[in-house]
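# what shape does this take:
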Amino acid sequence: MKFDFSSISLLFENTLNYIFPFRCSTCSNFTNISDSICGSCWSKFTFIAKPYCIICCKKFEVNFTEINICGKCLTTKPKVDMIRTLLEFSPETKKLVHNFKYNRPLA
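Numbers count the residues shown, from 1 in each chain. Purely as a prediction, here's the structure:
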């Protein structure tokens with residue numbers, strides 16, 4: 001007689017998900033997937049896409065050239081060659097980064 005361990009594993013996983021449901025990484029609302037962000041928080045994020053300064057990643061409203069550099073970086077060059085960020089800074093972004101840094105379970 002063969003014993004199917006995959007069904008026990010699935011039952012155990014579903015039980016754990018019921019007892020400890022997945023939560024949004026920003027607002028702690030329930031989500032369907034671990035390490036996920038709920039739809040209401042996702043819509044509050046503003047992603048930085050071109051055009052932006054290639055040095056400090058400041059967002060431009062108008063695309064001047066393929067290589068954009070803001071006035072601040074032209075006058076006083078930063079001590080780094082390039083900074084790249086995915087999201088504009090906002091209260092939601094701040095909360096996401098804070099939760100990632102300080103509220104993650106340790107392995």
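
# dihedrals phi and psi, F30?
With angles defined as degrees, to the nearest 10, F30 sits at phi -70, psi 140.

# that one is in contact with S36, isn't it?
No. Judged on C-beta atoms under 8 Å, F30 makes no contact with S36 at a distance of 10.0 Å. C-betas here are computed from N, CA, C, even on glycine.

# more neighbours, the two?
Neighbour count, other C-beta atoms under 10 Å: between F30 and S36, S36 has more, with 16 against 10.

# specify the beta-bridge partners of the more buried one.
Per DSSP bridges, the residues bridged to S36 are C24.

# that one contacts C24, correct?
Yes. At 6.7 Å, S36 counts as touching C24 under the criterion of C-beta under 8 Å.

# rewinding a little: residues that sit against both of F30 and S36, list them.
Shared contacts of F30 and S36, defined by C-beta atoms under 8 Å, 6 or more residues apart in numbering, are found at F22, C24.

# how is this protein divided into domains?
1-41, 46-87 (automatic domain parsing).

# TSV for those domains, including distance to N99 and mean pLDDT?
Converted to TSV, the domains of the chain look like this (distance: least, C-beta to C-beta, whole Å; pLDDT from 0 to 100):
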stretch	distance to N99	mean pLDDT
domain 1-41	6	70
domain 46-87	14	85
